[in-house]
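Peer 1: I need the structure of the sequence given here:
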Amino acid sequence: MTVIDVTKVSKLILVWRSVMQYVGGAGFAIIMVGSIIGPGGFGLYSAEGRTDNILPNIKDSAKMIMIMYLTYAVAGTLAYIAVGMPAFDAFNHSLTALATGGFSTRYGSIGEYNSVPIEFVTIILMFLGTTGFGIHYTLWKGNFRAFAKNGEPWLMFSTVFVATLVMMEKGMHGVFHSHAHAFRESIFQAVSALTGTGFSTVDFTTPAWQHFATGMFVLTILMILGGMMDSTSGGLKQFRLYVILRIIIDAIVRFTLPKNVVRRIVVWKGDKEKIVDESMIREIILVFSLYFLTYITGVIVLTLYGFNLQNSMFEFASAISGVGLSCGITQPNLYPGALWTLTIGMFLGRLEFLVVIYAVSKLLRDVSKFLSRR
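Peer 2: Numbers count the residues shown, from 1 in each chain. Sure, this is the predicted structure:
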């Protein structure tokens, strides 16, 4: 989301925005731990919601993530140039695609190029950006067996597949003019929404999309679900959704087993096994509760400013999950109260609430200690 006209600002501002998204995608903690703090920075690393300690040492993990992230950025820039994108645009779009940030140097985003090869490269980069670094590491090591055991990628690809089919089917009546066009537009928008990138090849403010209730609803759900844990994307995260599915399946299976049978739910995260314990379930419930409480509040505020429910749900889902797709609400002349609501949603969603709660509680404790000493 942005409230500036990219056609009227300097290239320096555009590069600054892209670099900011790229650094934010990698995570401030990654930069600090890998370059400055060293192995003692586990608290900052974990505070950003990072659980993929891909190497035994936190500093080594951060450095490995930076190497992978930089390699993908260079490869993405070269790939864009190879398919015909200008070098300046290629550099910026590669950074913001991997960061699943979505800032573009063009007013019409990726759709302005009207190029299938550029859209294909963008989809690949968006998938790379939304894949957890621990899963990347299994591929870098050639550990395909561990990769196959991770539930997140399969859940994400299945979700994109189903969402694409639904939008294709429902969009053939007024939105798309052929099945090829339906597939091209549907899969790009689905990937962009689920990965939290925010690039688009369509205009959601047009009457066709405003009346395409199914498509707008599907994209809203995808933005809420989000990408993988320990990636550059936002949302509820695929890992949490996968754990919930495993818990539901396990609860159903238990009905067919004797009461004294002891079962453990084991899920794979990167190249490591994780047991679903009470603390993991508690963290998932807390994040889900805070997310939906904030989401409902934000939607209500936008509707009070006169926006319809469909657009309010779409826009605030885009804000709280750090996506950036817009149906026209976010503009330079937006009501200040609505603009601040979206801004706060972006801030809370990016930090996954727990960091904010920790910071506020720490501040209150420090103030209380200061006052007691006085």
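
Peer 1: hmm, residue 159 and residue 225 touching each other?
Peer 2: Yes. If you go by CB atoms under 8 Å, residue 225 and residue 159 touch, sitting 6.7 Å apart. Every C-beta, even on glycine, is put in place using the N, C-alpha and C of the backbone.

Peer 1: those two: which is more packed in?
Peer 2: More crowded of residue 225 and residue 159, by other CB atoms under 10 Å: residue 225, with 22 against 17.

Peer 1: check contacts around the more buried one.
Peer 2: 159, 194, 235-236, 238, 241 (CB atoms under 8 Å, 6 or more residues apart in numbering).

Peer 1: which of those residues sits closest to residue 169?
Peer 2: Taking CB to CB as the measure, residue 169 lies nearest residue 159 of the contacts of residue 225, at 16.0 Å.

Peer 1: distance check, the closest one against residue 244.
Peer 2: Separation of residue 159 from residue 244 (CB to CB, to the nearest Å) stands at 14 Å.

Peer 1: also residue 164?
Peer 2: Counting by CB to CB - residue 164 and residue 244 are separated by 23 Å.

Peer 1: okay, these two: which has more neighbours?
Peer 2: Ranked by neighbour count (other CB under 10 Å), residue 164 and residue 244 place residue 164 first, with 20 against 16.

Peer 1: and the helix or strand hosting that one, how far out from the chain's middle?
Peer 2: Taking DSSP states H and E as the definition, residue 164 sits inside helix 151-171. Helix 151-171 has its C-alpha centroid displaced from the chain centroid by 16 Å (CA atoms, centre = their mean, to the nearest Å).

Peer 1: other residues contacting it?
Peer 2: For helix 151-171, contacts defined as CB under 8 Å, 6+ apart pick out 130-132, 135, 147, 176, 179, 182-183, 185-187, 189-191, 194, 212, 214-215, 218, 221-222, 225, 227-229, 238-239, 241-242, 245-246, 267-268.

Peer 1: list the buried ones in it?
Peer 2: Judged by neighbour count (16 or more other CB atoms under 10 Å), helix 151-171 contains these buried residues: 151-153, 155-156, 159-160, 163-164, 166-168, 170-171.

Peer 1: quick one: least confident helix or strand in this protein?
Peer 2: helix 42-47 (a mean of 50; mean pLDDT, DSSP states H and E).

Peer 1: out of the contacts of helix 151-171, which are buried?
Peer 2: Buried residues within the contacts of helix 151-171, counting neighbours by 16+ other CB under 10 Å: 130-132, 135, 147, 176, 182, 185-187, 189-191, 194, 212, 215, 218, 222, 225, 227-229, 238-239, 241-242, 267-268.

Peer 1: show me where the chain dips below the pLDDT cut-off.
Peer 2: 26-58 (pLDDT under 70).

Peer 1: ok, now with 50
Peer 2: Scanning the chain for pLDDT under 50 picks out the ranges 37-42, 47.

Peer 1: which stretches in it count as strands?
Peer 2: Using DSSP state E, the strands assigned to the chain run over residues 266-269, 272-275.

Peer 1: okay, those, which one's buried deepest?
Peer 2: Most buried of those by mean neighbour count (mean count of other CB atoms under 10 Å) is strand 266-269; its value is a mean of 18.

Peer 1: residue 104 and residue 181, how far apart?
Peer 2: 22 Å.

Peer 1: more neighbours, the two?
Peer 2: Neighbour totals were compared for residue 104 and residue 181, and residue 104 leads with 26 against 14 (other CB under 10 Å).

Peer 1: now the more buried one. Its backbone dihedrals?
Peer 2: Main-chain dihedrals, residue 104, degrees, to the nearest 10: phi -120, psi 160.

Peer 1: about what we covered before: mind putting the buried residues of helix 151-171 into JSON lines with distance to residue 16?
Peer 2: Below are those laid out as JSON lines (distance: CB to CB, whole Å):
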{"residue": "151", "distance to residue 16": "38"}
{"residue": "152", "distance to residue 16": "32"}
{"residue": "153", "distance to residue 16": "33"}
{"residue": "155", "distance to residue 16": "35"}
{"residue": "156", "distance to residue 16": "31"}
{"residue": "159", "distance to residue 16": "34"}
{"residue": "160", "distance to residue 16": "32"}
{"residue": "163", "distance to residue 16": "33"}
{"residue": "164", "distance to residue 16": "34"}
{"residue": "166", "distance to residue 16": "38"}
{"residue": "167", "distance to residue 16": "35"}
{"residue": "168", "distance to residue 16": "38"}
{"residue": "170", "distance to residue 16": "40"}
{"residue": "171", "distance to residue 16": "37"}
